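> give the three-dimensional model of this entry:
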Amino acid sequence: MKTAGVFGRSGRSRWRKDRLLILGYHGIAQYDEQQWDPALFISAELFESRLRFLKAKGFNILPLDAALRHLRAGTLPERSVSLTFDDGYVDFYRIAYPILKIHKVSATVYLTTYYSEKNLPIPGITAAYMVWMSPHFVGPLKTLPAFGSIDLRHATARRQVSRLMGQSFTDERTMAPPRKHELLEALADELGFDLSEVRARRLMHLMSVDEVGDIARDGIDIQLHSHRHWVPEDEHLVRREILENRERIEAITQRPAVHFCYPSGVHYPELLDWLRRLNVESATTCESGLAAPTDDPLMLPRFLDHSRVSQTEFEAWATGALRAFPHRSAYTPPPRGSKSQPAATP
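Numbering: from 1, shown residues only. Presented below is the predicted three-dimensional model:
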């Protein structure tokens, strides 16, 4: 397909010129995290290779706010792309940000602020990572008896238990954070996992407030991702999540926080009106696609790049030849929960 010039023709097409490719990333692996969760982490080498391709082929990498204004006005330059990073992991500060500086490229970080203030590992992904890194464990889990007896010696079973463990910690919204961290400690003891090393390396940590300030002063755009990485189904709680998130981001950056990314890709029809009342100007999803001028600005598609995306597929999305590929996402949004479910904190 490439030798026939399909990618080149697609990249120069009117269809592609009228659209914005919003690339979505999560973590850049500090060690080997992409082996545990290739849909969440990408290696620094692979990420930089994507940037080299975009720069070499003349793509216009625009700041998100400017790109969205051009999209609405119908004035996008050819092959327009914007880069976004969800959550605000510390690896952005340590790895992605220096790479972006080398290539003179800007990006938007959708920051969830609760754990940015705490300097603690995020319970859900940390529990999942600990399970994956414990390939010799066999037996019952006293810490979490609902899991019964588990056997982590085989990669397939370990990956499944890892996913369920992370989901269990993340979905539990009635438990106070100190109790979650107590459970995390107990789970680490049972698995024989050194949690102190995770803290020392700051694996599964978000950027600190000072680190966010550093990159914001250097031009990285910091935007909304909810305070507790959560999309409630109650307008009052949604308002709390957005306003607490916005207050903290604007205090750090001294710039407006008006662009939002749905945590875990979760959205539902009522939410859009609630976001509009909160003066949210745009919201990106985890659904695959290029953003068009006719799209609802609160339902903008992205392409989530990750370790399992081949270079050919990446180039197809970038040029607009993506119609030859099935639309897919690295994420399947979790089902909607109960509107009456109380919320504590992460």
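> low-confidence regions, the protein specifically.
1-11, 323-346 (pLDDT under 70).
> mind splitting it into its structural domains?
Split into domains by automatic domain parsing, the chain comes to 6-117+205-324, 123-201.
> highest average neighbour count across those?
The highest mean neighbour count among the domains of the chain, using mean count of other Cβ atoms under 10 Å, belongs to domain 6-117+205-324: a mean of 19. In this view, the C-beta of every residue, glycine as well, is placed from N, C-alpha and C.
> chain center to that domain: distance?
8 Å (Cα atoms, centre = their mean, to the nearest Å).
> next one: stretch 197-215
With Cα atoms, centre = their mean, you get 16 Å for stretch 197-215.
> send me it as PDB with only the CA atoms.
Taking C-alpha atoms only, stretch 197-215 is exported to PDB below (Å, rounded to 0.1, in the frame of the first residue of the first chain):
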ATOM      1  CA  GLU A 197      11.200   0.400  45.400                       C
ATOM      2  CA  VAL A 198       8.000   1.600  43.600                       C
ATOM      3  CA  ARG A 199       8.000   4.700  45.900                       C
ATOM      4  CA  ALA A 200      11.800   5.300  45.500                       C
ATOM      5  CA  ARG A 201      11.600   5.100  41.700                       C
ATOM      6  CA  ARG A 202       8.200   6.900  41.700                       C
ATOM      7  CA  LEU A 203       6.700   4.300  39.500                       C
ATOM      8  CA  MET A 204       2.900   4.700  39.100                       C
ATOM      9  CA  HIS A 205       3.200   8.200  40.400                       C
ATOM     10  CA  LEU A 206       1.900  11.500  38.900                       C
ATOM     11  CA  MET A 207       4.000  14.600  38.500                       C
ATOM     12  CA  SER A 208       4.200  16.700  41.600                       C
ATOM     13  CA  VAL A 209       2.800  20.200  41.800                       C
ATOM     14  CA  ASP A 210       6.300  21.700  41.300                       C
ATOM     15  CA  GLU A 211       7.000  19.500  38.300                       C
ATOM     16  CA  VAL A 212       3.700  20.500  36.700                       C
ATOM     17  CA  GLY A 213       4.700  24.100  37.300                       C
ATOM     18  CA  ASP A 214       8.100  23.600  35.700                       C
ATOM     19  CA  ILE A 215       6.600  22.200  32.400                       C
END
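> what residues does that stretch touch?
30-31, 33, 87-90, 92-93, 97, 109, 111-112, 115-117, 119-122, 125-126, 129-130, 222, 248, 252-253 (Cβ atoms under 8 Å, 6 or more residues apart in numbering).
> distance check, the closest residue to Leu322 other than its chain neighbours against Ser310.
Leaving aside its sequence neighbours, Leu322 sits nearest to Ala316 (Cβ to Cβ, 6 or more residues apart in numbering; 5.0 Å). From Ala316 across to Ser310, the span is 9 Å (Cβ to Cβ, to the nearest Å).
> now do Lys17
From Lys17 to Ser310 the distance is 25 Å (Cβ to Cβ).
> Leu51 now?
17 Å.
> picking that back up, host element of the residue nearest to Leu322?
According to DSSP states H and E, Ala316 maps onto helix 311-319.
> that helix packs against which elements?
helix 6-11, helix 44-56 (3 or more Cβ pairs under 8 Å, 6 or more residues apart in numbering; DSSP states H and E).
> CA atoms only: put that helix into CSV for me.
What follows is helix 311-319 as a C-alpha-only set of coordinates in CSV (Å, rounded to 0.1, in the frame of the first residue of the first chain):
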residue,chain,number,x,y,z
GLN,A,311,4.4,1.8,12.4
THR,A,312,2.3,1.0,9.3
GLU,A,313,-0.9,1.5,11.3
PHE,A,314,0.4,4.7,12.9
GLU,A,315,1.3,6.1,9.5
ALA,A,316,-2.1,5.2,8.1
TRP,A,317,-3.8,7.1,10.9
ALA,A,318,-1.5,10.1,10.5
THR,A,319,-2.0,10.4,6.8
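> just the strands in the stretch 101-250 of the chain please.
According to DSSP state E, counting those that start in this stretch, the stretch 101-250 of the chain carries its strands in the segments 108-111, 138-140, 149-151, 221-224.
> ok now the third one, how far from the chain's centre?
To tie it back to what came earlier, the one meant is strand 149-151. Put simply, strand 149-151 sits 30 Å off its chain's centre (Cα atoms, centre = their mean).
> that one pairs with which strands, and in what direction?
strand 138-140 (antiparallel) (DSSP bridges).
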